[in-house]
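*Asks:* One predicted model, sequence on top.
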Amino acid sequence: MENNILLESGTNELEVLEFTVGGQSFGINIAKVNEIMNYQPMIPVPESPEEFEGVFTPRDKVISVIDLHKVLHKEKIESGHDLLIICNFNQMDVGFHVSSVKGIQRISWEDIEKPPRISGDGISNIATGIAKLTDRIILILDFEKIVSDINRSAVIDTTGATKAGEDKAEKHIVIAEDSPFLNTLIQNTLREAGYNNVVSFDNGKDAWDYVSGHKGLSADILDDISCVISDIEMPKMDGHHLTKLIKDDDILQKIPVYLFSSLINDQMRIKGESVGADAQFSKPQIGLLINYVNEHI
């Protein structure tokens, strides 16, 4: 199944590919999905984690495969019809072994809630949201964290980040990133670069409330907020909608908005540009993001 879906920019909606692992429903943003394939045997890689099933080479491209049954501690259902969801994010191709695919659900980010952090099964630690449908719940998984837990270097690249000048130390930077792991990493990298005035949120709605609350506090909004760094996929409000709200406001539009997401590709760059993003960076290139901030705020 090829993914040619491109929602109108800034509508605060996403399309989720619903799939099952061991009988439970999970979801992934369709923007990350290249195609769905029938399961096929893998070439094992020696001394790799048990969740890493191996590699295969469709159309002469080497794709690594992660078994979500092992990641999620789910029993495999012997159906003989397992599938591979082939994805592209963080500038890499990776396949995920699942039990079945149920279809595509169009959902507003307002209807996606943060998962509770009290579950003892480990799933809540790799879920970024809970989508409630009329008859079931879909857990939206943090695929970046799943990959980083297996191979951290595949998701994070802080190399090349330079120090900011002393005049930048008190520049006020706002972060919107729902992954606790990446949120903390961005904050720490900015502080290591010399920025002392950093505030973060785990969804676009809270970031918007904070940014819009600074209207009228100073003659120049840039004296209060120097830039916003935002993920795209977030509960309550996504990064495209957050950017659109900022850029549609007569006062706030002066604030630079930098999108930092695993979803950045040619299509998503068009969407980001259409809502007014000042720059867009693909995870894992935190170093490039920091250097751009150093030069432009």
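*Replies:* That came through, no problem. Numbers count the residues shown, from 1 in each chain.
*Asks:* rest of the way, CA atoms for contacts and neighbours
*Replies:* Will do.
*Asks:* Who is residue 19 paired with across the strands?
*Replies:* residue 26, residue 101 (DSSP bridges).
*Asks:* Verify the stated contact: it with residue 26.
*Replies:* Yes: using CA atoms under 8 Å, residue 19 is in contact with residue 26, at 5.4 Å.
*Asks:* Low-confidence ranges, the stretch 101-250 of the chain, go.
*Replies:* 117-124, 152-158 (pLDDT under 70).
*Asks:* Helices of that one, residue ranges please.
*Replies:* Along the stretch 101-250 of the chain, counting by DSSP state H, counting those that start in this stretch, helices occupy 143-150, 180-192, 204-212, 239-247.
*Asks:* Touching stretch 279-297 from outside, list them.
*Replies:* Around stretch 279-297, the neighbours that count as contacts under CA atoms under 8 Å, 6 or more residues apart in numbering are 90-91, 154-165, 168, 186, 189-190, 193, 226-227, 257-264, 269, 272.
*Asks:* Can you say which of those residues are buried?
*Replies:* 90-91, 154-156, 158, 161-164, 168, 186, 189-190, 193, 226-227, 257-264, 269, 272 (16 or more other CA atoms under 10 Å).
*Asks:* For the closest residue to residue 192 other than its chain neighbours, which residues are in contact?
*Replies:* Once flanking residues are discounted, residue 192 sits nearest to residue 163: 7.5 Å by CA to CA, 6 or more residues apart in numbering. Neighbour list for residue 163: 192, 193, 194, 294 [criterion: CA under 8 Å, 6+ apart].
*Asks:* Which of those are buried? Put it as a PyMOL command.
*Replies:* Selecting only the buried entries of these in PyMOL, with 16+ other CA under 10 Å as the criterion:
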select buried, resi 193+194+294
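*Asks:* Distance to residue 66 added to the contacts of residue 163, as TSV?
*Replies:* Output for the contacts of residue 163, formatted as TSV (distance: CA to CA, whole Å):
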residue	distance to residue 66
192	33
193	34
194	38
294	37
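*Asks:* which one of the contacts of residue 163 is nearest residue 216?
*Replies:* residue 294 (26.1 Å; CA to CA).
*Asks:* would that closest one count as being in a strand?
*Replies:* No: counting by DSSP: H, G, I helix; E, B strand; the rest coil, residue 294 is not part of a strand but helix.
*Asks:* Just the pLDDT at it, thanks.
*Replies:* Note on residue 294: pLDDT of 94.
*Asks:* Would you mind measuring from it to residue 47?
*Replies:* 41 Å (CA to CA, to the nearest Å).
*Asks:* how many neighbours does residue 219 have?
*Replies:* 10 (other CA atoms under 10 Å).
*Asks:* Report how many residues lie close to residue 218.
*Replies:* With other CA under 10 Å as criterion, residue 218 counts 10.
*Asks:* wait, isn't it in contact with residue 224?
*Replies:* Yes: the criterion here is CA under 8 Å, and residue 218 meets it with residue 224 at 7.0 Å.
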